[in-house]
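Student: Quick check, what structure comes out for this input:
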Amino acid sequence: MGIVAERLRIPNVAPGVRDEDIVALVKRYSGLEGKAARHVEVDGGRPAIIVQFADVPRETVEKLALRFEGMYWNGRVLSASRIPRF
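Tutor: Predicted structure coming up:
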């Protein structure tokens, strides 16, 4: 199975967080170059950001999600999960 683009969902981000802020956070804690693909509303209006990675294995994104779980950043407790491919 080849390497495909993977996505990481980070909910409960503070309002006004810029794509560049999330990309820098991801890079700081993982060394991965991500691209904030889009902002989405989840769970009654709490914003989330979806970060996309090219040429990164699924297992790497799953480990990164665990690293962000419970992290306090920018006034919020974050969680993260890999978005499964169907």
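
Student: Going by C-alpha atoms from here, please, whenever you check contacts or count neighbours.
Tutor: OK.

Student: ranges for the helices of this structure?
Tutor: For the chain, applying DSSP state H gives helices covering 19-30, 58-68.

Student: for the first one, the distance to its chain's centre please.
Tutor: Chain-centre distance of helix 19-30: 9 Å, with CA atoms, centre = their mean, to the nearest Å.

Student: buried sites along that helix?
Tutor: Residues 19, 22-26 are the ones in helix 19-30 that count as buried (16 or more other CA atoms under 10 Å).

Student: and the angle from that helix to helix 58-68?
Tutor: Orientation of helix 19-30 against helix 58-68 (axes from the mean of the first three to the mean of the last three CA atoms, to 10 degrees) gives an angle of 100 degrees.

Student: Show me what the mean pLDDT comes to for helix 19-30.
Tutor: Mean pLDDT, computed over helix 19-30, is 90.

Student: Poorly predicted segments of the protein, please.
Tutor: For the chain, applying pLDDT under 70 flags the ranges 1-4, 37, 42-45, 86.

Student: The same query, at a cut-off of 90, please.
Tutor: Applying pLDDT under 90 to the chain picks out residues 1-5, 11-20, 22-23, 33-49, 54-56, 84-86.

Student: And the strands in it?
Tutor: Listed in chain order, the strands of the chain (DSSP state E) span 6-11, 35-42, 46-53, 72-73, 76-77, 81-82.

Student: follow-up on the earlier one: columns distance to residue 10 on top of the helices of the chain, output as TSV?
Tutor: As requested, the helices of the chain are exported to TSV (distance: least, CA to CA, whole Å):
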stretch	distance to residue 10
helix 19-30	9
helix 58-68	8
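
Student: Please identify which of those is closest to residue 6.
Tutor: Checking these against residue 6 by CA to CA gives helix 58-68 as the closest, at 6.5 Å.
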